[in-house]
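A.B. asks: Here is my input, please return the structure:
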Amino acid sequence: MSFNPLEHRGIPLDRQIRNWSELNVSPVDPDRSDPYTKCRIITMNGIEVEAIMFSHHFNRVCPDMEVKRRLAEVRYIEQQQQKAVNWLLPGQASVLETTIAYEQVAVDLTGWVARMEPDPYLKQAYQFGVLEDFDHLYRYANLYEMIEHRKAEKLIEDLTEIIPGRPTIRHHRDPADNVREPYDRNSAAPISKLHALTIMSAEQQTMNFYMNVGPMYMEPIARQLYQEIGLVEEEHVTHYESLVDPGETWWERLVNHEYNECYLYHSFMETESDPGVKAIWELHLNMELEHLRIACDLMRRHDGRDPESVLAPELPKPVTFEPNKEYVRELLATQIDLTTLGAGYVSEAHERFEKMQQQINGDEKPPSERVIDQHREMFGGEYRLSTDGPHPVPALQETRR
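C.D. replies: Now for the predicted structure:
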């Protein structure tokens, strides 16, 4: 059944502020909750953080006091939404357990978007990135067993495989080669704009998370691995944010942000298995419908354009967390050797890539390689969760002592 958020009125803004007891949400059970429920929580936290920071950046360049006040009113509600969403995560979960959930988000959200993206250039951008997040999941899973003596399959079940992706050592590129060509705001499909904003927001939140939690571990290898992968997340945010047309006006970006929030809350409301969490998605959707109405009104008044000219006439197919194992294996078999050159992709190392590799790695192994070596020393082999057969790349198939 189609749903056009532009045709629905949500909760009036002056009725959206919640008191402390209303914000005191019950976290999900760390041992019994659906792994994809945690993925949806992490995704929406990233979406809300992006909405908040975008609004702050808009506020800093906006000279109109009336608009600044309107932004502040909506932004306060977004802050409450972010608190409610992020506080759904269980306090018992360790930083590393949450990290593994973040990487499951990166694999299965980006994999789903890559499958659904109609633009070939944008699709390639998501295919390229998912193989790197897939490898991060493998590195963190090995660290998890080393430090906490638990297996990551207890967290992600058999929904996502844990085997090597494009090796993290090969992710360190010259910064100039992380910049992609943007879509054309006048010709891009509305779903392509939503995809770009969604993946950018999710990767940005992952980058922010690693920037802050990395030094919380005492184990040197853990601290070092977070440093290395945290720098790769900087590359990923640059990679994805550059897909967005910089010619979009502030008003256009505002309505795109609000529409995307409606899209994702509606998607997750339709697919959520936890009744308590589903109720929060539904509540927030009804709040976001009003935020979208306000954004559209601002665009008409200050940009002189009708929001319907840039937004989809109805919400696209719901974003769905589901296994992407076959798809990722296909990408591993065909794109494992890719790197970037300028705004394109090549399968051979080139001068800038090799120079960056020498500058950052020198003649020593990076943490992402040493964590696997240390796991082998401790357990006699790597930690892997291979549900669909041997690794599709023969050189990356596991060899045990």
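
A.B. asks: Restricting to C-alpha, output stretch 365-381 in CSV.
C.D. replies: Provided in CSV are the C-alpha atoms of stretch 365-381 (Å, rounded to 0.1, in the frame of the first residue of the first chain):
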residue,chain,number,x,y,z
LYS,A,365,52.1,-4.9,9.5
PRO,A,366,49.1,-2.7,10.4
PRO,A,367,46.8,-3.6,13.3
SER,A,368,44.3,-5.2,11.0
GLU,A,369,46.8,-7.8,10.0
ARG,A,370,48.3,-8.3,13.5
VAL,A,371,45.0,-8.9,15.1
ILE,A,372,44.5,-12.0,12.8
ASP,A,373,48.1,-13.1,13.5
GLN,A,374,47.5,-12.8,17.3
HIS,A,375,44.2,-14.7,17.0
ARG,A,376,46.0,-17.5,15.2
GLU,A,377,48.6,-17.7,17.9
MET,A,378,46.0,-17.9,20.6
PHE,A,379,43.5,-20.3,19.0
GLY,A,380,45.4,-22.0,16.3
GLY,A,381,43.4,-20.3,13.5
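
A.B. asks: what comes up buried for that stretch?
C.D. replies: Within stretch 365-381, the residues that count as buried by 16 or more other Cβ atoms under 10 Å are Pro366, Pro367, Ser368, Glu369, Arg370, Val371, Ile372, Gln374, His375, Arg376. Glycine gets a C-beta too; all of them are placed from N, C-alpha and C.

A.B. asks: How about stretch 52-72?
C.D. replies: Using 16+ other Cβ under 10 Å as the test for burial, stretch 52-72 gives Ile52, Phe54, Ser55, Phe58, Cys62, Val67, Arg70, Leu71.

A.B. asks: From Arg253, how far out is the fourth one?
C.D. replies: Distance, Phe58 to Arg253, by Cβ to Cβ, to the nearest Å: 8 Å.

A.B. asks: the strands in the stretch 151-300 of the chain, which residues?
C.D. replies: Per DSSP state E, counting those that start in this stretch, the stretch 151-300 of the chain carries no strands over any range.

A.B. asks: Kindly report the same for the stretch 301-401 of the chain.
C.D. replies: Remark: strands assigned in the stretch 301-401 of the chain by DSSP E, counting those that start in this stretch are 339-341, 344-346.

A.B. asks: Save those as a markdown table, and put in mean neighbour count, mean pLDDT and distance to Arg15 too.
C.D. replies: Formatted as a markdown table, the strands of the stretch 301-401 of the chain follow (neighbours: other Cβ atoms under 10 Å; pLDDT from 0 to 100; distance: least, Cβ to Cβ, whole Å):
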| stretch | mean neighbour count | mean pLDDT | distance to Arg15 |
| --- | --- | --- | --- |
| strand 339-341 | 20 | 98 | 48 |
| strand 344-346 | 14 | 98 | 49 |
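
A.B. asks: number of nearby residues for Val277?
C.D. replies: 25 (other Cβ atoms under 10 Å).

A.B. asks: contacting residues around it?
C.D. replies: For Val277, the contact set (Cβ atoms under 8 Å, 6 or more residues apart in numbering) comprises Val28, Thr37, Arg40, Ile41, Leu88.

A.B. asks: switch to 10 Å and redo it
C.D. replies: Val277 is in contact with 25-28, 33-34, 37-38, 40-41, 44, 85, 88, 268-269, counting by Cβ atoms under 10 Å, 6 or more residues apart in numbering.

A.B. asks: What ranges in the chain fall below the confidence cut-off?
C.D. replies: 1, 400-401 (pLDDT under 70).

A.B. asks: Tell me how many other residues crowd Ala312.
C.D. replies: Neighbours of Ala312 (other Cβ under 10 Å): 17.

A.B. asks: now Ser192
C.D. replies: Here the number of neighbours of Ser192 (other Cβ under 10 Å) works out to 21.

A.B. asks: Find the residue closest to it in space, skipping its chain neighbours.
C.D. replies: Of all residues not flanking Ser192 in the chain, Asp119 sits nearest, at 5.1 Å (Cβ to Cβ, 6 or more residues apart in numbering).

A.B. asks: Skipping its backbone neighbours, what lies nearest the residue nearest the centre of the chain in space?
C.D. replies: The chain has Ala202 as the residue nearest its centroid, 2.3 Å off, counting by Cα atoms, centre = their mean. In this structure, Ala202 finds its nearest non-sequential neighbour in Gly46, 4.6 Å apart by Cβ to Cβ, 6+ apart.
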